[in-house]
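*Asks:* Requesting a structural model of the entry that follows:
(2 chains)
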Amino acid sequence: MKQFTYTITDPVGIHARPAGLLVKAAKAFSSAITIERNGKSAAATKLMALMSLGVKAGDTITVTVEGTDEEAAAAGMEKFLQENL
Amino acid sequence: MKVATGKSILKGIAIGPLRIYRKKAAEARRASVLSPAEELARFESARREAQEQLGALYDKALDEVGEDNAAIFEIHQMMLDDEDYVDAVKSIIETQGATAEYAVSTTGENFAAAFAAMEDSYMQARSADVKDISRRVVNILTGSEQGDVQGEEPAILVADDLTPSETVQLDKSKLLGFITRHGSSNSHTAILARTMNIPALIGVDFDESWDGRLAVLDGYNHCVYIDPAPELLSAMEAKHRSDLEQEALLQGLKKKPNVTLDGTEIQVYANIGSAGDVGLVLQNDAQGIGLFRSEFLYLDGSDYPTEDQQFAVYKRVAETMAGKKVVIRTLDIGADKQADYFGLDHEENPALGYRAIRICLTRRDIFKQQLRAILRASAFGSVSIMFPMIISVREVRDAKEILEECRRELKAQGAAMGEVEIGIMIETPAAVMIADELAEEVDFFSLGTNDLSQYTLAIDRQNPKLDTFYDPHHPAILRMIRMTVEAGHRHGCWVGICGELGADPALTETFLRMGVDELSVSPSAILPLRKRIRSLDLTKSGE
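*Replies:* Presented below is the predicted three-dimensional model:
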């Protein structure tokens, strides 16, 4: 299992479009990717659940990756977050 | 006549009959006569069809309103693929023996309610998206068509709510404007209305009796007049016509250079009084901001704005202008612009009193705070500094020295800064007379013709009794402008005009012949000025 935290800088937070892109990025890996904020968590492959977390600018999220390609998945997700959120 | 108010999405006017938009609420029968497996198959096939429709809508929107706004249909496609959503629909079909349309409709309501309950207004607005995708699938399942909801005649559409996909599907040639009861200014529909340039009001409480009645939607005043009185109607028609003329001018002149028929070019910049005006600057296609009056930062508050507060505003303007020149005039307070917390004494003759650079050079703490904020913002765009009310070389040198001091301090703190041009306002006869010496000190001049006229002619512009004596084109003023331009050019300075005279079409040719490099005018005057410039031919002896 791999885990890292990331603080959102996008002024709107995890809004619809980046959430959609995040789902696409997460689906490219076979590992289970979970995003957690303030005790609520959602699978990174589930768009509406992800949006329902209500992640805003300045929030810190914890990303947990578990599976056969977790190294690559964690690196990929971190890069995605830095570039998009 | 009846007036109803709401929140305006776009400053514009629409005049025409109201038409209430009735959504075909497809009946979703609950009990199914089919087996769950058959209902699941119906759902899957309807979902595929909805995906195809959304793909087609994406292409249409891409064409009409651009990629950013088309993205909503991609989001809708992803929402329809959402595992939780699909699982919820399937579960209702399987456990309740319900029809696919009932399952979709119920799931849509549940998810929409979850979004609506969120604190964030952006997320609340997503509730409409979930309803939208659900309605699409239900309509496919029940064979309902949206049908011709707009009627034959162009009308102002009135609806409880309009989804983004409904908005894009509307026939623009029959859509004068729209009014909704719900929705937020953040919603995609609102964004689309702005992009499509359609006047719209949201949050309006309407009733069925409005259908078919004549109305004026006044986006400037956030209201709608039903059965407008004749005098109001004709006033609004005139305003609407002038809007359309301005719009036509805008479309025809946007992205065109400010160049005369014989090829002489001049820069046309905008004057702004707050960060919020930047939208207008870009909308009217200004090449830069020639005068950013920084006073509003001081006049709006009850205490001195902090360096960080100022920095945030300057940075935002510099960033939004994306590399185009932004000339920030340092604090020009005093005279008719007063802020209580400055504790300025009452003066008998404030126009000739303790104001502008005179305050800045004696109250250096305030001045330095502003200069530091501007220098820090210079890392984010093309920022220039301009000092007002200059009468001597000494003042310019002092101001520059303080600026250098700020630069050194910021550098020591490791702050990022960009290249900053330094200029002064030429608005006193003294500055005109010593323009050669002043030009040695700076990169540019900007003529403040309002104060220059008042000081040169000794006429108070506020006093209506003096109107008969006042000649805005007085030869003394025009000669002063010429002297300033010539002195500036002798020393490699560019010279602009940021006072009211800059926008006077009767003087545009005179200024071009003098070799004025830039005119900075209010945003709404930019395109009319461009039109004037493009009609002139300096090779023909005019005047």
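*Asks:* what residues are up against the residue nearest to B:His474 when sequence neighbours are not counted?
*Replies:* Leaving aside its sequence neighbours, B:His474 sits nearest to B:Leu457 (C-beta to C-beta, 6 or more residues apart in numbering or on different chains; 6.1 Å). Any C-beta I mention is one placed from the backbone N, CA and C, and that applies to glycine too. The contact partners of B:Leu457, taken as C-beta atoms under 8 Å, 6 or more residues apart in numbering or on different chains, are B:Phe469, B:Tyr470, B:Asp471, B:His474, B:Ala476, B:Ile477.
*Asks:* got it, and B:Phe445?
*Replies:* Contact analysis of B:Phe445 by C-beta under 8 Å, 6+ apart lists B:423-426, B:435, B:438-439, B:484, B:488, B:493-496.
*Asks:* in stretch B:460-480, what counts as buried?
*Replies:* Buried residues in stretch B:460-480, counted by 16 or more other C-beta atoms under 10 Å in any protein chain shown: B:Arg461, B:Pro472, B:Ile477, B:Leu478, B:Met480.
*Asks:* ditto for stretch B:72-86
*Replies:* B:72-82, B:84-85.
*Asks:* Is it in proximity to chain A?
*Replies:* Yes: Stretch B:72-86 is in contact with chain A by C-beta under 8 Å from any C-beta of the partner chain, via B:Ile72, B:Glu74, B:Ile75, B:Met78, B:Met79, B:Asp81, B:Asp82, B:Glu83, B:Asp84, B:Tyr85.
*Asks:* Where is pLDDT lowest across those residues?
*Replies:* The lowest pLDDT within the residues of stretch B:72-86 next to chain A belongs to B:Ile72, with 80.
*Asks:* returning to that earlier point: list just the nearest of the buried residues of stretch B:72-86 to B:Arg47.
*Replies:* B:Leu80 (5.9 Å; C-beta to C-beta).
*Asks:* Contact partners for the closest one?
*Replies:* Applying C-beta under 8 Å, 6+ apart, one finds that B:Leu80 lies in contact with B:Arg47, B:Ala50, B:Gln51, B:Leu54, B:Val86, B:Ile133, B:Val137.
*Asks:* So what touches the helix or strand harbouring B:Glu509?
*Replies:* Under the criterion of DSSP states H and E, B:Glu509 resides in helix B:508-514. When contacts are defined by C-beta under 8 Å, 6+ apart, helix B:508-514 is touched by residues B:260, B:264, B:266, B:478, B:481-482, B:485, B:497, B:502, B:519, B:529, B:532-533, B:536, B:538, B:542-543.
*Asks:* ok, now how distant is whatever residue of the stretch 351-500 of chain B ends up closest to chain A from B:Arg408?
*Replies:* Distances between the stretch 351-500 of chain B and chain A by C-beta to the nearest C-beta are smallest at B:Phe380, namely 15.6 Å. Look at B:Phe380 and B:Arg408: by C-beta to C-beta, to the nearest Å, they are 20 Å apart.
*Asks:* Which one of the two is surrounded by more residues?
*Replies:* B:Phe380 (21 against 10; other C-beta atoms under 10 Å in any protein chain shown).
*Asks:* just checking, what packs against the strand or helix carrying B:Asp365?
*Replies:* Using DSSP H and E, B:Asp365 falls within helix B:364-377. Applying 3 or more C-beta pairs under 8 Å, 6 or more residues apart in numbering or on different chains; DSSP states H and E, we find helix B:364-377 packed against helix B:307-321, helix B:357-362, strand B:382-387, helix B:393-412.
*Asks:* so which of these is the most packed in?
*Replies:* Greatest average neighbour count among the helices and strands packed on helix B:364-377 goes to strand B:382-387 (a mean of 24), per mean count of other C-beta atoms under 10 Å in any protein chain shown.
*Asks:* Partner strands of that one, with direction?
*Replies:* strand B:325-329 (parallel), strand B:421-426 (parallel) (DSSP bridges).
*Asks:* so how far is the lowest-mean-pLDDT helix or strand in chain A off the chain centroid?
*Replies:* Every helix and strand of chain A was ranked by mean pLDDT, DSSP states H and E. The lowest is helix A:16-27, at a mean of 83. Computed by C-alpha atoms, centre = their mean, to the nearest Å, the chain-centroid distance of helix A:16-27 equals 8 Å.
*Asks:* Number of residues surrounding B:Ala46?
*Replies:* Neighbours of B:Ala46 under the rule other C-beta under 10 Å: 20.
*Asks:* That one - that's part of a helix, no?
*Replies:* Yes: counting by DSSP: H, G, I helix; E, B strand; the rest coil, B:Ala46 is located in a helix.
*Asks:* so what pLDDT did the closest residue to it other than its chain neighbours get?
*Replies:* With sequence-adjacent residues excluded and distances taken as C-beta to C-beta, 6+ apart, B:Ala46 is closest to B:Ile140, at 4.3 Å. B:Ile140 is assigned a pLDDT of 88 by the prediction.
*Asks:* Also B:Lys24?
*Replies:* So, for B:Lys24, pLDDT stands at 62.
*Asks:* A:Thr62 sits in which helix or strand?
*Replies:* strand A:60-66.
*Asks:* Could you list every helix and strand in contact with that strand?
*Replies:* Judged by 3+ C-beta pairs under 8 Å, 6+ apart, the packing partners of strand A:60-66 are strand A:2-7, strand A:32-37, helix A:70-84.
*Asks:* Show me what that strand pairs with in its sheet, parallel or antiparallel.
*Replies:* Within its sheet, and counting by DSSP bridges, strand A:60-66 is paired with strand A:2-7 (antiparallel), strand A:32-37 (antiparallel).
*Asks:* Would you convert the ones you listed into TSV that also reports mean neighbour count and distance to B:Val281?
*Replies:* What follows is the strands paired with strand A:60-66, written out as TSV (neighbours: other C-beta atoms under 10 Å in any protein chain shown; distance: least, C-beta to C-beta, whole Å):
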stretch	mean neighbour count	distance to B:Val281
strand A:2-7	14	33
strand A:32-37	19	38
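*Asks:* between those, which gets nearest to B:His222?
*Replies:* strand A:32-37 (37.0 Å).
*Asks:* What are the phi and psi values at the nearest residue to B:Asp218 once chain neighbours are set aside?
*Replies:* Using C-beta to C-beta, 6+ apart and skipping the chain neighbours, the partner closest in space to B:Asp218 is B:Ile13 (5.9 Å). Note on B:Ile13: backbone dihedrals following degrees, to the nearest 10 are phi -120, psi 140.
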